[in-house]
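Novice: Okay, predicted coordinates and the sequence, questions at the end:
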Amino acid sequence: MLRRDWLKGAALTSAAPLVLPSSHALGYAANEQLRLAVVGMAGFGAWHGFCELLHTLGNVGYAVSCDVDLRKVQKVYDLWRQRATEWANSDNVDQRRAASEVFGPLAQRKPPLYADFRRMFDEAGKQFDAVVVATPDHTHAIIAAAALRAGKPVLAEKPLTIAACDARALMKLVKERPHLATQMNNGGAAQPGFRRGVEVVEDGLLGDVREVHIFFSRGGRNFQDPPQGSEECPKELNWDCWLAQLKWRPYHSGWINRIAWRESSIGELGNFGPHSSNMAFMGLRVKDLWEGSEGGGVRIRVQAECSEANQLSYPRWERIRWDVPARGARPPVAFTWHHGWPPDYAPGSRQMLEGLLRDRGATDADVEALLKYAGCIIVGSKGLLATNSHNTEIRLFPKEKFAGIEQKKPLRLPLSLGHYKEWVDACRGQGSTISTFAYAAPFAEFLNVGSIATRFPGETIEFDPVGGQITNHPRAAGFLQYEYRKGWTI
């Protein structure tokens, strides 16, 4: 029954229309249950936020499911059954209540399941109020766009997009629908340390900031050839729906590598960039450059160094520099992404980062903790802020200079009840989210242009954030968009 219904939902995928826009933002009152459609059921955000923790979010229901892989679906079903059984006799009253009111009903009567998100919107759009997107990277934007067009609030995994054209499409959609609650899932932004760090940068406690360094040591896959030939597709996987807007090719397990291929990702820059560079991008108000006047002449200049120029996959190491012009009274600032295989980042980067810290009094223990594998360093004329991989805490140097400065919790920005709860409440018109698509889409475009630069190491790309164009490099400009497969346009 499960597979039959799932296949039925996937049938005729290339011809399935997207649902027409709703005339109402939400179909429920503030005190009614918020009904969710979850696309990518075992994706990180969907699993942790809405499979495991659904019972912590208030009056929220898991109404409709969508996934291309029945193996992932079964993983979710197994957890629901386990929770219903094990928590039924728990000593914890909240767990007993969750077993009887949330996980038991879900285990006994599973939500309708679709393989094709387009058919889900078209056939079941009246059964849900808001959408969670936790699919592979290349489909985040296209599903989020479908949700917005259908008048549904949406929370989508990072990276929000893998192409600048998708970011532009989402910018337009959220501008037309400002009443819909949106959130990119970079959960570090909900932490008190993140919000305090944004305040420290915004309020000028570091002085004039002219350098930002983001670092991550996992390395690019640098595959030289695409997967060869084809393999038998697992019976649980709908390959057509997995590909979505990507060009058709026979199934090969090698394609299912979330951060290996340029065609379906922006590599580790898309994986960790939205985490590690978020505090700096927000605190330094880089997004303001997207709000200027058309033809105003503002340009972000981007240049990359790489182990090699790989047009298929991602180089083993890369160093990308964005020269960001002034934003009002804030001076120009250079963002640099340092990425390579552990224990290093790019050649010479670790030594340079260590020098920045030691020059401001960091000890051996500080350096070891801060340069472990990922993070960000924001350098100002009055001091330095160092933060960890997900920007959840900050440390200010020199320590004695900032001894009296609050570093643990925000003084101005609101405390969050959690990244998922923040979005759920915003869906009900209560409060707002911090990583709205109005913010996250320009951020995604910023990262996308950096990824394009790694195709042309040593060459400078000039990007117009208002017009969304690369103005000096026609070959690079060709990678701002891609060709969607018929029936899957954003």
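Specialist: It's in.
Novice: Please count neighbours and contacts with C-alpha atoms only from this point.
Specialist: Fine.
Novice: burial measure for Ile461, as a count.
Specialist: Neighbour count of Ile461, defined by other C-alpha atoms under 10 Å: 25.
Novice: Let me know the outermost residue of the protein.
Specialist: Asn89 (37.8 Å; C-alpha atoms, centre = their mean).
Novice: so that one sits in a strand?
Specialist: No - counting by DSSP: H, G, I helix; E, B strand; the rest coil, Asn89 is not part of a strand but coil.
Novice: Nearest residue to it in space, ignoring adjacent ones along the chain?
Specialist: Excluding its sequence neighbours, the residue lying closest to Asn89 (C-alpha to C-alpha, 6 or more residues apart in numbering) is Arg96, at 6.4 Å.
Novice: What's the first helix or strand after the helix or strand hosting that neighbour?
Specialist: For Arg96, the element it lies in under DSSP states H and E is helix 93-98. Of the helices and strands lying after helix 93-98 in sequence (DSSP H and E), the nearest is helix 104-108.
Novice: quick one on the thing from earlier: tell me if I'm right that the residue nearest to Asn89 and Ser90 touch.
Specialist: Yes - with contacts counted by C-alpha atoms under 8 Å, Arg96 reaches Ser90, the gap being 5.8 Å.
Novice: the more surrounded of the two?
Specialist: It is Arg96, of Arg96 and Ser90, that has more neighbours when counted by other C-alpha under 10 Å, with 20 against 13.
Novice: so how far is Leu312 from the closest residue to Glu268 other than its chain neighbours?
Specialist: Using C-alpha to C-alpha, 6+ apart and skipping residues adjacent in sequence, the residue nearest Glu268 is Ile259, 6.3 Å away. Between Ile259 and Leu312 the distance is 12 Å, computed by C-alpha to C-alpha, to the nearest Å.
Novice: Between the two, tell me which one has more neighbours.
Specialist: Ranked by neighbour count (other C-alpha under 10 Å), Ile259 and Leu312 place Ile259 first, with 23 against 16.
Novice: Tell me which residue lies nearest the centroid of this structure.
Specialist: By C-alpha atoms, centre = their mean, the chain has its centre lying nearest to Lys158, at 1.2 Å.
Novice: I'd assumed Gly187 was in contact with that one.
Specialist: No - judged on C-alpha under 8 Å, Lys158 makes no contact with Gly187 at a distance of 9.8 Å.
Novice: ok, back up a step: and the helix holding Arg96, which residues are buried?
Specialist: By neighbour count on 16 or more other C-alpha atoms under 10 Å, the buried set for helix 93-98 is Gln95, Arg96, Arg97, Ala98.
Novice: wait, which of these is closest to Leu357?
Specialist: Closest approach to Leu357 among these (C-alpha to C-alpha): Gln95, at 45.9 Å.
Novice: Could you find the closest non-adjacent residue to the closest one?
Specialist: Nearest residue to Gln95, sequence neighbours excluded (C-alpha to C-alpha, 6+ apart): Trp87, at 5.5 Å.
Novice: following the helix or strand of the chain with the lowest mean pLDDT, which helix or strand shows up next?
Specialist: Here the helix or strand of the chain ranked lowest by mean pLDDT, DSSP states H and E is helix 2-10, holding a mean of 56. Heading C-terminal from helix 2-10, the first helix or strand you meet, by DSSP H and E, is strand 34-39.
Novice: Packing partners of that following strand?
Specialist: strand 60-66, strand 130-133 (3 or more C-alpha pairs under 8 Å, 6 or more residues apart in numbering; DSSP states H and E).
Novice: Parallel or antiparallel, list what pairs with the first one.
Specialist: In this case it means strand 60-66. Strand 60-66 has the following strand partners under DSSP bridges: strand 34-39 (parallel), strand 113-114 (parallel).
Novice: which other residues reach the helix or strand just after the longest one?
Specialist: Scanning the chain past strand 34-39 towards its C-terminal end, the next helix or strand to appear is helix 44-45 (assignment: DSSP H and E). If you take C-alpha atoms under 8 Å, 6 or more residues apart in numbering as the criterion, helix 44-45 is touched by Ala134, Glu157, Asn185.
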